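Undergrad: Here is a sequence together with a model predicted from it:
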Amino acid sequence: MRKKRLTKRLLLHFSVTLILFALIMGSVFSWLFTHYNQHVHEEETMQRALTLAAAIPVMKDSHQFLAAAEDEPAVEESSGRMRHGHHGRMVHSSERGNGTAQREMDWCRQQYSVQDTGGREANQQAGEFLQQLDSLAQGKVWLVAEKSRTILAYGENTGEERGQLPAPVNEMLQQVLAGQTAVSHDFGALLDTPSVTVGAPIKDKDDRVIGAVLIHRPLEDLQNTINGGLRLLAISVLLAMVLAGVLAVLLVRRFIRPLYRMQHVSRAYAQGNYGERTGIRQQDEIGMLAADIDVLGGKLAQAEQERAELSRQRQEFLAAVSHELRTPLTVLRGTLELLFSGLVTQKAERQKYLQQVMSNLSALERLVGDLLELTRLRNTGFSVGKEPLNLCDAFEDAVEQMRPAAAKKNLQLRVDFVEPLPIQGDYGRLRQLMLILLDNAVKFSHDGGEILIQGRRQGENWQVMVEDHGCGIEPAELPHIFDRFKTNRNRNEQGTGLGLTIAREIASRHEMEITCESELSKGTRFIIKGDFSLVNPE
């Protein structure tokens, strides 16, 4: 279960993100969709109102509904019913005295029907006219006469209502009658249903406002449209979330697969199988991590090879050291046993054996010293102290130190340094390097020969050469002369096999390069090369 934890977390995060995105986008879309539909609904209704307001003045019989009402006395019929004036407003006989004042304060709302119960032709004509307006506007229309303060509408329940309108409604009517268009949602109480109302002024040929047309459109149709759109949105969101969920699962699996591969490779490395590789080639962070793991595998494989080689060299070194130590120790033991046995009684013979003991002890001392020196030079924590010096001085000092040994073989040491070679280095170690090369040259040179020590500057580089004319080195031995204990015992019976190895370590510590050229029976040339830019701070 633990190995699936990341997959579950990614799926959970994807799911939460998708749900939040759906909720936010759904809410924003719902709000925008609702307001957009309301705006379109109002704009469309307003356009119809403006069209009707422009068309009503030229319509047949419209003038009689919009003309200003004269203050005619209302005539009572024998039945006691009230009659209609020519403007469509009904005035009760009790209002004769204060009709003008009442007209200033109240509105009269009159509804007409095609089927007039009283059988009046005028009412039927008005109902047909208003019904026609309703069909043109695709909503309920109120026709407002400005001067008579009369509201005419088509409806099944005919009759009139008087009184003051609600303040928001009255304000809208005043705004429209002042020549402006208006939109309101405050007519719901008068119409007994939520609706949006738009109003447009009706003007005569002289551009004077003579009335207003109000169109009421119920919000039920708009709400049904909005609900239908929101249902489609909900279905679309659900389908999108299902599809996104499937894609999320596929993406998570594709994202996790390289991680599983890298885990497999890491475990292979932990088990020592450094040849395993991820094989992932992606131009992203995962690809970068996989590439680093592959590089790590290559370095681990290289380190393993170096470790194996180091182990092999260590074994060879231990075997060589054991062999090098065993020979003088065996001779020492045999000689001392012979001396202690009492078999050697003559003084001269005992002196010869004691001299042999001293010679083997000196060889052991040199071998142990060289081993300690090589160990120090190869230790990464061992630092060589460097200071400004002239390389020629260190090498000439070594030459002077070797002159007595060269004189025993009648060898001439010729030094040819044209100019100083200023570098940063350890004077004692550099002198030791030259002593090792001169010691080899003296050992393998023929009596009466010459050894040349030459130094030259070559631009930013310099070169020092030690050349003898001795027996030379066999081609098969030449590539291994700087390895430990690779000395040919037939040629160098007194050597420890570590001198040239120490010389190479000293050169490496000073960022120098030492090479060897040799021809059998003609001589050997050791060349030391350096770069002033590396070893000289100036």
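TA: Right, received. Where do you want to start?
Undergrad: In the protein, where is pLDDT below threshold?
TA: 1-4, 60-65, 67-105, 115-122, 320, 323-324, 380-381, 484-497, 533-538 (pLDDT under 70).
Undergrad: And it, split by domain according to the record?
TA: Using automatic domain parsing, the domains assigned to the chain come out as 1-70+95-271, 384-535.
Undergrad: show me what contacts the most centrally placed residue in the chain?
TA: Nearest to the mean C-alpha position of the chain, by C-alpha atoms, centre = their mean, lies Glu285 at 7.1 Å. By C-beta atoms under 8 Å, 6 or more residues apart in numbering, the contact set of Glu285 is empty. Where C-beta positions appear, they are placed from N, C-alpha and C, glycine not excepted.
Undergrad: Begin at 37, not 1, for the rest of this chat.
TA: OK, 37 is where the count begins now, so the last one is Glu321.
Undergrad: Arg290 sits in which helix or strand?
TA: Per DSSP states H and E, Arg290 falls inside helix 255-306.
Undergrad: other SSEs contacting that helix?
TA: helix 41-91, strand 231-239, helix 321-377 (3 or more C-beta pairs under 8 Å, 6 or more residues apart in numbering; DSSP states H and E).
Undergrad: Tell me if Leu408 really is in a helix.
TA: Yes. Under DSSP: H, G, I helix; E, B strand; the rest coil, Leu408 falls within a helix.
Undergrad: So what's the residue count around it?
TA: 10 (other C-beta atoms under 10 Å).
Undergrad: try Gly191
TA: Number of residues near Gly191 (other C-beta under 10 Å) recorded here: 16.
Undergrad: go on, Phe418?
TA: By other C-beta under 10 Å, 10 other residues sit near Phe418.
Undergrad: what's the spacing between it and Asp462?
TA: Distance from Phe418 to Asp462, counting by C-beta to C-beta, to the nearest Å: 11 Å.
Undergrad: How about Phe568?
TA: 17 Å.
Undergrad: What of Thr194?
TA: 125 Å.
Undergrad: Check Gly484 too.
TA: 35 Å.
Undergrad: Of those two, give the one with the bigger neighbour count.
TA: Shown here are Gly484 and Asp462; by other C-beta under 10 Å, Asp462 has more neighbours (19 against 9).
Undergrad: three-state assignment of the residue nearest to that one when sequence neighbours are not counted?
TA: What sits nearest to Asp462 in space, not counting adjacent residues and going by C-beta to C-beta, 6 or more residues apart in numbering, is Val420, at 4.7 Å. At Val420 the chain is in coil, as set by three-state DSSP.
Undergrad: What is the neighbour count of Val420?
TA: Neighbours of Val420 (other C-beta under 10 Å): 15.
Undergrad: Kindly report the same for Gln216.
TA: Around Gln216 there are 13 other residues, counting by other C-beta under 10 Å.
Undergrad: ok, it - contacts?
TA: Pro237.
Undergrad: repeat that for 10 Å
TA: Counting by C-beta atoms under 10 Å, 6 or more residues apart in numbering, Gln216 touches Met208, Gln210, Gly235, Ala236, Pro237, Val245.
Undergrad: A helix includes it, no?
TA: No. With three-state DSSP as the criterion, Gln216 is located in coil rather than a helix.
Undergrad: any idea how far it is from Ile262?
TA: The spacing between Gln216 and Ile262, counted by C-beta to C-beta, is 28 Å.
Undergrad: One more: Glu496?
TA: Glu496 is 85 Å from Ile262, by C-beta to C-beta.
Undergrad: more crowded one of the two?
TA: Higher neighbour count among Glu496 and Ile262: Ile262, with 19 against 11, using other C-beta under 10 Å.
Undergrad: I'd guessed that one sits against Leu68; true?
TA: No. Using C-beta atoms under 10 Å, Ile262 is not in contact with Leu68, being 11.3 Å away.
Undergrad: can you tell me how far the residue nearest to the centre of the chain sits from Asp328?
TA: Taking C-beta to C-beta, one finds Glu321 at 11 Å from Asp328.
Undergrad: And Ile292, by the same measure?
TA: To Asp328, Ile292 is 19 Å away according to C-beta to C-beta.
Undergrad: With Gly264 instead?
TA: For Gly264, the distance to Asp328 - C-beta to C-beta - is 56 Å.
Undergrad: now swap in Phe376 and tell me
TA: The spacing between Phe376 and Asp328, counted by C-beta to C-beta, is 68 Å.
Undergrad: Those two: which is more packed in?
TA: Legend: neighbour count by other C-beta under 10 Å for Phe376 and Asp328, higher for Asp328 (12 against 9).
Undergrad: and Val380, helix, strand or coil?
TA: Per three-state DSSP, Val380 ends up coil.
Undergrad: what sits against it?
TA: Contacts for Val380 (C-beta under 10 Å, 6+ apart) come out as Thr371, Leu374, Arg386, Gln387, Lys388, Tyr389, Leu390.
Undergrad: same check, this time on Arg267
TA: Arg267 is in contact with no residue at all, counting by C-beta under 10 Å, 6+ apart.
Undergrad: any idea how far it lies from Ser66?
TA: Relative to Ser66, and taking C-beta to C-beta, Arg267 is found at 11 Å.
Undergrad: how about stretch 230-238: buried residues?
TA: In terms of neighbour count (16 or more other C-beta atoms under 10 Å), stretch 230-238 has its buried residues at Ser231, Val232, Thr233, Val234, Gly235, Ala236, Pro237, Ile238.
Undergrad: starting at the chain centroid, how far to it?
TA: Centroid separation for stretch 230-238 versus its chain: 57 Å, with C-alpha atoms, centre = their mean, to the nearest Å.
Undergrad: likewise stretch 184-197?
TA: Relative to the chain's own centre, stretch 184-197 is displaced by 72 Å; criterion: C-alpha atoms, centre = their mean.
Undergrad: From one end of that stretch to the other, what's the distance?
TA: 14 Å (C-alpha to C-alpha, to the nearest Å).
Undergrad: Pull out the buried positions in that stretch.
TA: Buried residues in stretch 184-197 (16+ other C-beta under 10 Å): Ser184, Arg185, Thr186, Ile187, Leu188, Ala189, Tyr190, Gly191, Thr194, Glu196.
Undergrad: so which of these comes closest to Gln74?
TA: Ala189 (24.1 Å; C-beta to C-beta).
Undergrad: Which residues are in contact with Gly508?
TA: Contact analysis of Gly508 by C-beta under 10 Å, 6+ apart lists Phe480, Leu514, Arg527, Glu553, Ser554, Glu555, Leu556, Ser557, Lys558, Gly559, Thr560, Arg561.
Undergrad: go again using 8 Å as the cut-off
TA: Neighbouring residues of Gly508 by C-beta under 8 Å, 6+ apart: Phe480, Ser554, Glu555, Leu556, Ser557, Lys558, Gly559, Thr560.
Undergrad: What subset of these is buried?
TA: By 16+ other C-beta under 10 Å, the contacts of Gly508 give Phe480, Ser554, Gly559, Thr560 as buried.
Undergrad: Need the max-distance pair from those residues.
TA: Within those, Phe480 and Ser554 form the most distant pair, 9.6 Å apart (C-beta to C-beta).
Undergrad: which residues are common contacts for those two?
TA: With C-beta under 8 Å, 6+ apart, Phe480 and Ser554 have common neighbours Gly508, Thr560.
Undergrad: picking up where we left off before, with distance to Val367 added, can I get the contacts of Gln216 in a markdown table?
TA: Listed next are the contacts of Gln216 as a markdown table, based on distance: C-beta to C-beta, whole Å:
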| residue | distance to Val367 |
| --- | --- |
| Met208 | 130 |
| Gln210 | 135 |
| Gly235 | 131 |
| Ala236 | 132 |
| Pro237 | 135 |
| Val245 | 139 |
